[in-house]
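Just a sequence and a predicted model for now, questions to come.
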Amino acid sequence: MNHQPILTLDLESTPSVDPAVHARIAEEITPPGSMKKAETIAAWEVNEKPALVHEAILKTSFDGALGHIAVIGIAVNDDQPITFFEDSTDPHQHETKVLRDFFYFVRQAYSPSSQQRPKWVGHNLIAFDLRMLFQRAVILGIQPPPFIPFSAKPWDDILHDNMLRWSLGDKTMKISQDKLSRALGQPGKQGITGADVWPLVAAGRIKEVAAYCADDVIQARANYYRMNFITQSVAA
């Protein structure tokens, strides 16, 4: 009998490490227009600008044109999550391999002759995970499987974005996965948060980030089941 596979996805991204990008960001951050005196501007350059530049660089982790994918986590139906990453002090150099390995796995997990098109599940799936995955695939020149729903609408049957479904279409209500998980009886974040991802990766502790990503997959899947009143995988 045909059945629809459930693929639960989560990504962990990191900011740009390109010195040219950093220099451009620093150049674009200028003192407030209200500052006129040279000594006031000089003090701002020393005391305030570095933090603003650092913050702007960190935000590139959410921009597929500049940031990078460090870890991809996915679970098929009720299986344990699988994470794709390279244990390296410079994972940015291995992003192409991570995406290729992930796309190969997804192709092998789906059999068009015996299954319906997969349903993709995640939290903030449309605005972040799928968008980032598409953008990095384009930047790196890696063709993804055609059944990944990059252009799906929030209410399409082949996609379930927990954050959007919880808000019932109210785009101003952006509940975090941690808050949603706790509301639905799960433990939520345990020790590591999204803010810790880049410091851990930079410190060579990407395995901890992969474990964090896998836990996010598990919680996203559990939230999906709870929101759809499912006690076990519909594709089991």
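It's in. The shown structure was predicted, so the numbers you read here are calculated from the model rather than taken from an experiment.

where does the closest residue to F85 other than its chain neighbours fall, helix, sheet strand or coil?
Among residues not flanking F85 along the chain, V71 sits closest, at 4.3 Å (CB to CB, 6 or more residues apart in numbering). To be clear about C-beta, it is placed using only N, CA and C from the backbone, and glycine gets the same treatment. Following DSSP: H, G, I helix; E, B strand; the rest coil, V71 is assigned to strand.

Beta-bridge partners for G122, please?
D161 (DSSP bridges).

Tally up the residues packed near it, please.
28 (other CB atoms under 10 Å).

Check the gap between the residue of the chain most remote from its centre and L52 for me.
Most distant from the centre of the chain: K37, at 43.0 Å, with distances by CA atoms, centre = their mean. K37 is 19 Å from L52, where distance means CB to CB, to the nearest Å.

now R165
From R165 to L52 the distance is 36 Å (CB to CB).

how about the helices of this protein, start to end?
19-28, 38-47, 49-59, 95-109, 131-140, 162-167, 177-183, 197-202, 206-227 (DSSP state H).

Kindly present the ones you listed as JSON lines, with separate columns for mean pLDDT, distance to W120 and mean neighbour count.
Shown next, in JSON lines, are the helices of the chain (pLDDT from 0 to 100; distance: least, CB to CB, whole Å; neighbours: other CB atoms under 10 Å):
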{"stretch": "helix 19-28", "mean pLDDT": "97", "distance to W120": "30", "mean neighbour count": "13"}
{"stretch": "helix 38-47", "mean pLDDT": "91", "distance to W120": "46", "mean neighbour count": "12"}
{"stretch": "helix 49-59", "mean pLDDT": "97", "distance to W120": "25", "mean neighbour count": "14"}
{"stretch": "helix 95-109", "mean pLDDT": "96", "distance to W120": "10", "mean neighbour count": "17"}
{"stretch": "helix 131-140", "mean pLDDT": "98", "distance to W120": "10", "mean neighbour count": "18"}
{"stretch": "helix 162-167", "mean pLDDT": "94", "distance to W120": "11", "mean neighbour count": "20"}
{"stretch": "helix 177-183", "mean pLDDT": "96", "distance to W120": "16", "mean neighbour count": "17"}
{"stretch": "helix 197-202", "mean pLDDT": "95", "distance to W120": "22", "mean neighbour count": "18"}
{"stretch": "helix 206-227", "mean pLDDT": "97", "distance to W120": "10", "mean neighbour count": "21"}
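
now those as JSON lines including distance to Q190?
Output for these, formatted as JSON lines (distance: least, CB to CB, whole Å):
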{"stretch": "helix 19-28", "distance to Q190": "32"}
{"stretch": "helix 38-47", "distance to Q190": "37"}
{"stretch": "helix 49-59", "distance to Q190": "23"}
{"stretch": "helix 95-109", "distance to Q190": "24"}
{"stretch": "helix 131-140", "distance to Q190": "24"}
{"stretch": "helix 162-167", "distance to Q190": "19"}
{"stretch": "helix 177-183", "distance to Q190": "10"}
{"stretch": "helix 197-202", "distance to Q190": "14"}
{"stretch": "helix 206-227", "distance to Q190": "7"}
